[in-house]
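Engineer: Here's a sequence, model it:
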Amino acid sequence: MILREDSLSKEILRTEAEQMKNSQLKELFPYGLSIYHNDLNRADRSLIEDLFVEGHIQILISTVMLAWNGYLSARTIIIKDTQVYSPEKGHWTELSASDIMQIFGRTGKPVYGVYDKRILITSHDQSQYYLSIMNQQLPIESQMISKLTDHLNAEIVRGAVETFDEAVQWLSYTYLYVRMIKAPHLYSLSNESLIQSHSL
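Structural biologist: You can find the predicted model right below:
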């Protein structure tokens with residue numbers, strides 16, 4: 001991203017604002033400010049992306065979707081809240097470690113001694129978790145648990161699992177099992193349940 005503060009940028013933004021379908025964004029453009037979210041039509045979204053990359057739009061307020069955009073980067077990134085609504089779970093959840101790293105990965109490389117800034121605003125009880133994400137490499141957690149029933153049923157159908165003992169043995173070969181042993185609290189398991197599973 002190139003930072004610009006000139007009358008040319010202001011003129012470009014005033015001109016481009018006329019092309020915007022979204023009337024609210026038309027009012028923001030002349031100030032070098034825009035909003036980026038899923039409900040924008042493709043033409044508006046592309047225009048915002050281009051003007052941001054060229055440095056005419058200097059402040060871009062976005063939903064998490066921008067984290068997974070292929071090429072947009074910024075000098076300063078602020079995550080103003082770590083809670084996002086999950087339609088699958090039906091409640092608010094914390095941003096995942098991969099989302100945080102992807103969002104913060106959007107800051108560019110240091111150029112001429114100018115370092116980019118990453119700012120995270122979260123609740124006090126979550127601060128240690130996010131500090132650990134930023135300061136150390138966290139292990140990759142298994143996502144298999146959400147589809148465990150489907151996987152096990154597939155093994156039963158193909159004849160690889162026919163008894164309870166074979167199901168337990170099959171599970172012990174998975175990465176899910178490895179991570180459940182190492183970090184049971186992340187998978188809502190107690191130490192007692194782990195002791196019972198080892199004795200089976």
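Engineer: looking at it, residue 116 is touching residue 76, isn't it?
Structural biologist: Yes: contact status for residue 116 versus residue 76: in contact at 6.5 Å, counting by Cβ atoms under 8 Å. (Glycine included, C-beta is placed from N, CA and C.)
Engineer: Which one of these two is surrounded by more residues?
Structural biologist: Shown here are residue 116 and residue 76; by other Cβ atoms under 10 Å, residue 116 has more neighbours (17 against 11).
Engineer: Let me see the backbone angles for residue 19.
Structural biologist: Residue 19 adopts backbone torsions of phi -80, psi -20, taken as degrees, to the nearest 10.
Engineer: can you count the residues close to the nearest residue to it once chain neighbours are set aside?
Structural biologist: Once flanking residues are discounted, residue 19 sits nearest to residue 47: 6.5 Å by Cβ to Cβ, 6 or more residues apart in numbering. Residues lying near residue 47 (other Cβ under 10 Å) number 21.
Engineer: what separates the helix or strand that contains residue 47 from the chain centre, distance-wise?
Structural biologist: Counting by DSSP states H and E, the element that carries residue 47 is helix 42-53. Centroid separation between helix 42-53 and its chain, computed with Cα atoms, centre = their mean, to the nearest Å, is 21 Å.
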